[in-house]
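Participant: Here you go, sequence then predicted model.
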There are 2 protein chains.
Amino acid sequence: MTRKFTKEALYEVTNDLLIQHGYAGLHFGLIAERLEITRGALYKYFKNKDELIIDLMIYEMDKFLQDLKVIRQYKHFNQQLEYLLDIIFKYSRIHQNLSIVYQIPTTKHVNEKVKQLEIRHHDMYAYLNAFIELGREEKRIHTEFPDHLILGFIFQTVNIPNQTNLPEKQWKTLIMNFLSQGMQADL
Amino acid sequence: MTRKFTKEALYEVTNDLLIQHGYAGLHFGLIAERLEITRGALYKYFKNKDELIIDLMIYEMDKFLQDLKVIRQYKHFNQQLEYLLDIIFKYSRIHQNLSIVYQIPTTKHVNEKVKQLEIRHHDMYAYLNAFIELGREEKRIHTEFPDHLILGFIFQTVNIPNQTNLPEKQWKTLIMNFLSQGMQADL
DNA sequence: ACCTAAAGTTACACTTGTGTTACTTTATAA
DNA sequence: TTATAAAGTAACACAAGTGTAACTTTAGGT
């Protein structure tokens, strides 16, 4: 019998439903309905929703990391920042959903997979720290700011709603300028 | 019979549980357990969790607005910004939880209360728009940035985790500096 | 053609949360 | 002192999600 849904479609749907309903509000019934299959089919592939969610995060993190490692090809900090913003926006859903991992009860035999996710998280920080270090070397980052504050500001930008629906390119330019110079008017 | 819990304690617990478990994960059993009462007691005051959540949001918004209106007493934009950051941090939980209102099904006869909440949201923007306008008049805001981008950056700051546990005052100063001048080093 | 194994469905027992009602407790005011 | 009403509890029927196992479907190899 041929499969009625692809892994990509499943992850797509799950990501959307996670954003809409949150961790506790997501359940196999919802996912099955969207994929036009029945709940039971999902249990052929995943023990429970926690396993599905972690698999999804690992999958998206792997794709993100593949893109992120390319950042080293850019020589200058500002180029790297622009590229980082590009891929953060490209993978905005995973960055909106990553924090829900902490809502998964640790008593659900997914600990092994959570560890795998943490490895990727750790790998991500290796790239990000190198990125920040370059910025400091190029004297583009004020010394008073700790790394995690800079990264916090950058990653939170995906949660700022583009209310006036500016074209994505223009929106990113504004974000980039704000991050570099703040709200201040020209000097 | 004397009450076993105050409104303040109930809202305190509900706010915490909302942050921990999200909208779908919150239920009367959890709240009752924390307050050391039984579920049934809560139904004496609220038809369901949606009503409780909206009442909570209205209550917190009212307190926030009372503080926010004082912003007009500060003459200069930078003073207003500092004050705004103070109260956003003071009411950080409500700003972390406000967005979950959109997860409440609109078919649960809480529409009247949702409207009341929207009124307060609207009032809030009246103050915020005046604040931004002052910033533009004082030429502290670059003209290229739309209002909602500035406000988005300001309100997202509550979600940046203070990982190194810097003292609150120092953290706020850094946030303030970043918002004003961006990450850039001294000019 | 037909066998088989992967894919999917259906039905069932179980668990957890909901909302209501009848009941119990207790401070207080007549 | 005792009546009462507000506060809280306990128990019930119901609704919704979970996980499993027996069953059905069907593409593809022989």
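Facilitator: Received, thanks. Numbering: from 1, shown residues only, chains lettered A, B, ... in the order given.
Participant: Which residues are in contact with A:Phe28?
Facilitator: Neighbouring residues of A:Phe28 by Cβ atoms under 8 Å, 6 or more residues apart in numbering or on different chains: A:39, A:42-43, A:49. In this view, the C-beta of every residue, glycine as well, is placed from N, C-alpha and C.
Participant: switch the cut-off to 7 Å
Facilitator: Counting by Cβ atoms under 7 Å, 6 or more residues apart in numbering or on different chains, A:Phe28 touches A:39, A:42, A:49.
Participant: What values do phi and psi take at the last one?
Facilitator: A:Lys49 has phi and psi values of phi -70, psi -30 when expressed as degrees, to the nearest 10.
Participant: I'd assumed A:Leu26 was in contact with it.
Facilitator: Yes - here A:Lys49 reaches A:Leu26: they are 6.1 Å apart, a contact under Cβ atoms under 7 Å.
Participant: Which elements pack onto the longest helix that chain A contains?
Facilitator: Looking across chain A with DSSP state H, the single longest helix is helix A:111-137. If you count contacts as 3 or more Cβ pairs under 7 Å, 6 or more residues apart in numbering or on different chains; DSSP states H and E, helix A:111-137 packs onto helix A:49-68, helix A:77-90, helix A:147-156.
Participant: hmm, who's touching the last one?
Facilitator: Spelled out, that is helix A:147-156. In this structure, residues lying in contact with helix A:147-156 by Cβ under 7 Å, 6+ apart are A:84, A:88, A:95, A:128-129, A:132, A:141, A:179, B:156, B:159-161, B:163-164, B:174, B:178, B:183.
Participant: Show me how chain A divides into domains.
Facilitator: As assigned by automatic domain parsing, chain A contains the domains A:1-45, A:61-181.
Participant: Nearest to DNA strand C among these would be which one?
Facilitator: Distance to DNA strand C, taken as Cβ to the nearest atom of the strand, is lowest for domain A:1-45 among those, at 2.7 Å.
Participant: how long is the closest one from one end to the other?
Facilitator: Distance across domain A:1-45, first residue to last, is 15 Å (Cα to Cα, to the nearest Å).
Participant: That one near DNA strand D at all?
Facilitator: Yes - under the criterion of Cβ under 7 Å from any atom of the strand, domain A:1-45 makes contact with DNA strand D via A:1-2, A:27-29, A:39-40, A:43.
Participant: In contact with the residue lying closest to A:Tyr74 once chain neighbours are set aside: list those residues for me.
Facilitator: Among residues not flanking A:Tyr74 along the chain, A:Gln80 sits closest, at 4.7 Å (Cβ to Cβ, 6 or more residues apart in numbering or on different chains). Neighbouring residues of A:Gln80 by Cβ under 7 Å, 6+ apart: A:71, A:74, A:131, A:134.
Participant: returning to what we had before: just the buried residues out of the contacts of helix A:147-156, in ChimeraX syntax.
Facilitator: Applying 16 or more other Cβ atoms under 10 Å in any protein chain shown to those, the buried members can be selected in ChimeraX as follows:
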select /A:84,88,95,128,132,141,179 /B:156,160,174,178,183
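Participant: Show me which residues of chain A are close to chain B?
Facilitator: Proximity of chain A to chain B, by Cβ under 7 Å from any Cβ of the partner chain, involves residues A:21-25, A:103, A:139-142, A:144-146, A:148-150, A:152-153, A:156, A:159-161, A:163-164, A:174, A:178-187.
Participant: so of the residues you listed, which ones are in helices?
Facilitator: The helices, defined by DSSP H, take in A:21-25, A:148-150, A:152-153, A:156, A:174, A:178-181 from the residues of chain A next to chain B.
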